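[1] Sequence and computational prediction follow.
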Amino acid sequence: MTVAATIRIQEADFDVAQEIAGLSKDRTDIGAVVSFSGICRGSEQGEPIAALVLEHYPGMAEAEIERHADEALARWPLQGLTIIHRFGRIAPGENIVLVVTASAHRHAAFEAAEFLMDYLKTNAPFWKREESRRGTSWIEATDHDDAATARWTKP
Amino acid sequence: MTVAATIRIQEADFDVAQEIAGLSKDRTDIGAVVSFSGICRGSEQGEPIAALVLEHYPGMAEAEIERHADEALARWPLQGLTIIHRFGRIAPGENIVLVVTASAHRHAAFEAAEFLMDYLKTNAPFWKREESRRGTSWIEATDHDDAATARWTKP
Amino acid sequence: MKVKYFAWVRERIGKAEETVEPPADVRTVGDLIGWLSARGETYAYAFEKPKVIRAAIDHAHVKADAMIAGAREIAFFPPMTGG
Amino acid sequence: MKVKYFAWVRERIGKAEETVEPPADVRTVGDLIGWLSARGETYAYAFEKPKVIRAAIDHAHVKADAMIAGAREIAFFPPMTGG
């Protein structure tokens, strides 16, 4: 069975529940569904923030996420895959990103979701700016995220 | 902040969406929510099944899951944790088990959810029996699951 | 002490629980399995492969060498298949 | 060829995109960064730490030694912080 990933890059919020249900509804071949929701926190490094503003590179964002979705589908026996990434202004408590993986087996579902999140963090062309009382500033990338991505590269 | 895990062992089905929302609603300190849903498949080893029937050990099931929930809360910086495990007759496509972890950081949320699922598979006192046209039979434990659990033990 | 059986151990023995009073020389979980096995065919069948059997004392997993003195409830069951 | 800038690279240069025609000896992405940097203060500021700058040719990540010949669209931006 060929599995197609659902990929959406959008300004609007999304409903995690609906996306999970959409993958597994009326199917009896799925044994495990893993979802990851990335949510806007109300503070960065201890400082309260008013919002995150996400800039992205239209066209490349889709291409890059699709490339990694295809890699995940090739590496793990997935039966469903949904990736949603928002851009624009996002308030604390709101969703930023969602990855849902479905598989007959739990380790495939867990690993594929983690792989995709690590790649989204370091390779998807999105940039976060934080808005706070002190103005706005770009959030810096962390080495920690690069290290997380590197572990998926086969030696 | 002390985090208390929500643990439920029940015959009734549950709503994954509601459980996820319950952990993260109205909070702005959570950056990542991971959910794992285990779903009853329509076949076991290629043979169609009518249902799974789960037997459990009341009292010990609660104690065992609580022990592992406490260990997860001690090992990872979690801000929320929900574990639900059903017993009784479960039809294909229905939920069996749910683990939801919330944390400021994604790796903690992923790892804690995987740890708990590996332990639930091998240590929680539940036994699955499958109902098919050929009668009913107990599902055998797999070495694979024991190996998955062993990787969480510190050397 | 109360003894409980689950899954196919329960089915083979034909009961879910019972109260037993083993003699003083039955000191460990392994001893108890041996003593129960000698009670009849259904027990011998349930415990025919003692290495497969898991045990719990008062709701906590234990190994075959665990002492049973002071236990309120001992349970025997196959490897778990939850999750 | 079209050049695009994102995040603080865009802010420092003061524009999101432009069309440039670098001379023939500008062959790699690294060469292009050097050539752009010489166009004025805003560019020099944006590219002051060339090792931090990431680049993409036609929507695919590339390194500084990638050849730019045939590229339709080249983009420069800081390390990504999505997800």
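    Received it, and whenever you're ready, just let me know what you need. Numbering: from 1, shown residues only, chains lettered A, B, ... in the order given.
[2] For chain C, what lies in contact range of chain A?
    Neighbours of chain A within chain C, by CB under 8 Å from any CB of the partner chain: C:G83. For every residue, glycine as well, the C-beta is placed using N, CA and C.
[3] Spell out, range by range, the strands that occur in chain C.
    Remark: strands assigned in chain C by DSSP state E are C:2-5, C:17-19, C:54-57, C:60-62, C:73-77.
[4] centre of the chain versus the longest one, how much separation?
    Per CA atoms, centre = their mean, to the nearest Å, the displacement of strand C:73-77 from the mean C-alpha position of its chain is 5 Å.
[5] So which elements touch it?
    strand C:2-5, helix C:7-13, helix C:29-37, strand C:54-57 (3 or more CB pairs under 8 Å, 6 or more residues apart in numbering or on different chains; DSSP states H and E).
[6] hang on, the earlier thing: in JSON lines, list the strands of chain C along with distance to C:G40, mean neighbour count and mean pLDDT.
    Output for the strands of chain C, formatted as JSON lines (distance: least, CB to CB, whole Å; neighbours: other CB atoms under 10 Å in any protein chain shown; pLDDT from 0 to 100):
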{"stretch": "strand C:2-5", "distance to C:G40": "14", "mean neighbour count": "19", "mean pLDDT": "98"}
{"stretch": "strand C:17-19", "distance to C:G40": "12", "mean neighbour count": "10", "mean pLDDT": "98"}
{"stretch": "strand C:54-57", "distance to C:G40": "20", "mean neighbour count": "21", "mean pLDDT": "98"}
{"stretch": "strand C:60-62", "distance to C:G40": "24", "mean neighbour count": "15", "mean pLDDT": "97"}
{"stretch": "strand C:73-77", "distance to C:G40": "15", "mean neighbour count": "21", "mean pLDDT": "98"}
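[7] Which one of those lies nearest to B:L78?
    strand C:60-62 (23.8 Å; CB to CB).
[8] Give me the residues contacting the closest one.
    B:60, B:63-64, B:123, C:29, C:54-56 (CB atoms under 8 Å, 6 or more residues apart in numbering or on different chains).
[9] now the helices and strands packed on strand C:73-77 as CSV including distance to B:D143?
    Listed next are these as CSV, based on distance: least, CB to CB, whole Å:
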stretch, distance to B:D143
strand C:2-5, 24
helix C:7-13, 18
helix C:29-37, 23
strand C:54-57, 15
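[10] CSV please, covering the ones you listed and showing distance to chain B.
    As requested, the helices and strands packed on strand C:73-77 are exported to CSV (distance: least, CB to the nearest CB, whole Å):
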stretch, distance to chain B
strand C:2-5, 7
helix C:7-13, 4
helix C:29-37, 15
strand C:54-57, 6
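[11] Out of the contacts of strand C:60-62, flag the one nearest to chain A.
    Lowest distance from chain A to the contacts of strand C:60-62 (CB to the nearest CB) belongs to B:N123, with 15.3 Å.
[12] Next, the contact list for the residue lying farthest from the centre of chain A, please.
    Here the centre of chain A is the reference, and by CA atoms, centre = their mean the most remote residue is A:R134, at 28.6 Å. Counting by CB under 8 Å, 6+ apart, A:R134 makes contact with A:E47.
[13] try the one 5 residues further on
    For A:I139, the set of contacting residues under the criterion of CB under 8 Å, 6+ apart consists of A:44, A:52, A:127-130, D:81.
[14] Name the nearest residue to whichever residue of chain C sits closest to chain B, ignoring sequence neighbours.
    Nearest to chain B, among the residues of chain C, is C:G82, at 2.8 Å (CB to the nearest CB). Nearest non-adjacent residue to C:G82, counting by CB to CB, 6 or more residues apart in numbering or on different chains: B:F126, 2.8 Å away.
[15] Could you report the neighbour count for the one you found?
    27 (other CB atoms under 10 Å in any protein chain shown).
[16] what does A:M60 give?
    Number of residues near A:M60 (other CB under 10 Å) recorded here: 21.
[17] Quick check: phi and psi on the closest residue in space to it that isn't next to it in sequence?
    Spatial nearest neighbour of A:M60, chain neighbours left out: D:H59 (4.0 Å); criterion: CB to CB, 6+ apart. Per-residue torsions, D:H59: phi 80, psi 10 (degrees, to the nearest 10).
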